[in-house]
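Predicted model follows, preceded by the sequence.
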Amino acid sequence: MKLVVFGQALLHAPVAWNAKVREIAEGADAILCNFEGCLPPPDAWPMKRKTVHPAGPAALMDLKRLGVTHLALANNHIWDFGHVGIIVTRRAAEAAGFAVAGAGIDRDQARRPAIRNGVALVSVDAGPTPDWAIARAHPGVAALRVRRVLGLPRRDLDLLTEISTDSGEAERLARRRNIGFDAAVAPPLGLDVIEAPVRQEILSIDDDDLDRLCRDIVAARADADKVIVAVHYHQWAPDWMRAPDWFTTLTDKALAAGADAVTGTGPPWALPAILSGRTMAAPGLGSIAFHTGRADRYDALSLPVWRGLAVVLEDGRWTIHDIDVARPDQAASDA
């Protein structure tokens, strides 16, 4: 078996895949990637005021032409056009012949692994994701919620409490809680903070979501030879070129549950992948195509968004390959 995992495909225009990408894909039994976008329904209105990524009409066919078989849909752009956009995008991907996972009409469909040619794809979004976009009895993404809090010393917490009281914010929050607008417990000034020895950002995975993911991996293993977990996230480490600590926790749990690989997208740059025997962890594959409107800003900041990774499993061995990412200024006719 030859299995290939690419990073995120953010496509607004037709793409001519470069020779190395085509070479990596050639002869693969299964090719997986994250479809970073949404096929906008007619007359639909975006749910955001910035960073909206409606996929171009040729996007699915360009991925099909490369040989992609599995699409991970759990990401922050599948819901750019609301619940209807999620449904339309999933149905279009299925109609085009892809095995899809990570978003659906309800939580059961969103969580269901995509299985084809002996390979199961489990796709989750680690957010941050608005509550309405998490699949439950309504359309949304399969969520792996990562909680972000600020850890502050006691003196800082006392100061926040004083500011909240003096400014009237504490009274306002109390009234909202009494009516039922907000949760029963709200922190000072509405900030999510806990006590810590020093000031620090603390990220942790929701235990219920992690347990649910592990159960999904076990179920997928019963029906497939290989199980790949694809995680999309924007809960990055303060140092963007380092994998966040919570990803290591996730990887350990997922591999122990039976996954063969855990891959990440979201950071639009590659992070070091780790091979361990017959398993693999790649916290940041970067992109295969990145049709961003911020190309000049990334270049000015020397952020390496035009280098991605592909990971390949062949003859029971994982290998890692650097790839050049398709840029927004490269039309299909240029290749």
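That came in fine, so what should we check first? Numbers count the residues shown, from 1 in each chain.

From now on I want contacts and neighbour counts done on CA atoms only, so please keep to that.
OK.

all strands of the stretch 201-335 of the chain, in order?
Ranges of strands in the stretch 201-335 of the chain, per DSSP state E, counting those that start in this stretch, are 226-232, 261-265, 274-276, 279-282, 287-290, 307-314, 317-324.

wait, which of those is closest to Ala96?
With C-alpha to C-alpha, the closest approach to Ala96 among the strands of the stretch 201-335 of the chain belongs to strand 287-290: 19.3 Å.

contacts for that closest one?
Contacting residues not belonging to strand 287-290 are listed as 6-11, 265, 268-270, 305-309, 323-328 [C-alpha atoms under 8 Å, 6 or more residues apart in numbering].

returning to what we had before: mean pLDDT for the strands of the stretch 201-335 of the chain: which is lowest?
Note on the strands of the stretch 201-335 of the chain: strand 274-276 shows the lowest mean pLDDT, a mean of 90.

Just checking: what are the partner strands of it?
strand 279-282 (antiparallel) (DSSP bridges).

who's in contact with the partner strand?
With C-alpha under 8 Å, 6+ apart as the contact definition, strand 279-282 has outside contacts at 251, 255, 259-264, 271-275, 318.

Looking at the residues you listed, which two lie furthest apart in space?
Taking C-alpha to C-alpha as the measure, these span a maximum distance of 19.8 Å, between Ala259 and Leu271.

Run through the helices of the stretch 1-150 of the chain in chain order.
Secondary structure of the stretch 1-150 of the chain by DSSP state H, counting those that start in this stretch: the helices cover 19-25, 59-66, 82-95, 107-111.

Centre of the chain to the shortest one, how far?
In this case it means helix 107-111. On the basis of C-alpha atoms, centre = their mean, to the nearest Å, helix 107-111 sits 16 Å off its chain's mean C-alpha point.

just checking, what packs against that helix?
Where contact means 3 or more C-alpha pairs under 8 Å, 6 or more residues apart in numbering; DSSP states H and E, helix 107-111 is packed against strand 99-101, strand 103-104, strand 119-125, strand 140-141.

Just say which of those is most tucked in.
Mean neighbours per residue, mean count of other C-alpha atoms under 10 Å, is largest over the helices and strands packed on helix 107-111 for strand 140-141, with a mean of 33.

Ala28 and Ala281, how far apart?
Distance, Ala28 to Ala281, using C-alpha to C-alpha, to the nearest Å: 20 Å.

Which one of these two is surrounded by more residues?
Set Ala28 next to Ala281 and count neighbours by other C-alpha atoms under 10 Å: Ala281 wins out with 23 against 18.

Check whether Val229 really touches Thr265, as I assumed.
No - Val229 lies out of contact with Thr265 (C-alpha atoms under 8 Å); the separation is 11.1 Å.

which stretches of this protein aren't confidently modelled?
Scanning the chain for pLDDT under 70 picks out 183-191, 331-335.

Quick one: residues contacting the most centrally placed residue in the chain.
Centre of the chain computed as the mean C-alpha position; nearest residue by C-alpha atoms, centre = their mean is His232, 1.2 Å away. His232 is in contact with Ala74, Asn75, Asn76, Val124, Asp125, Ala126, Gly127, Gly264, Thr265, Gly266, counting by C-alpha under 8 Å, 6+ apart.

Just among those, which is most surrounded?
Ala74 (36 neighbours).

isn't that one right next to Arg107, touching?
No - contact criterion C-alpha under 8 Å: Ala74 and Arg107 do not qualify, at 11.7 Å.

can you list residues touching both of those two?
Applying C-alpha under 8 Å, 6+ apart, one finds that Ala74 and Arg107 are jointly contacted by Val141, Ala142.

Put together CSV for the strands of the stretch 201-335 of the chain, with distance to Glu23 on each row.
As requested, these are exported to CSV (distance: least, C-alpha to C-alpha, whole Å):
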stretch, distance to Glu23
strand 226-232, 22
strand 261-265, 21
strand 274-276, 22
strand 279-282, 21
strand 287-290, 14
strand 307-314, 11
strand 317-324, 11
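
Of the ones you listed, which is nearest Arg145?
Nearest of the strands of the stretch 201-335 of the chain to Arg145, taken as C-alpha to C-alpha: strand 226-232 at 11.1 Å.

Give the partner strands of the closest one in its sheet and their orientations.
With DSSP bridges as the test, strand 226-232 is paired with strand 119-125 (parallel), strand 261-265 (parallel).

okay, now Arg145: neighbour count?
So Arg145, with other C-alpha under 10 Å, has 22 neighbours.

Apologies, that question was intended for Lys2.
18.

Dig out what Glu195 forms beta bridges with.
Beta-bridge partners, per DSSP bridges, of Glu195: Leu152.

That one: what's it in contact with?
Gly151, Leu152, Pro153, Arg154, Leu157.

Same question for Trp246.
Applying C-alpha under 8 Å, 6+ apart to Trp246 gives the contacts Leu203, Ser204, Ile205.

And Pro328, by the same measure?
Contacts of Pro328 (C-alpha under 8 Å, 6+ apart): His12, Ala13, Phe290, His291, Thr292, Gly293, Ala295.

any idea which of these has the most stuff around it?
Going by other C-alpha under 10 Å, Phe290 tops these with 23 neighbours.
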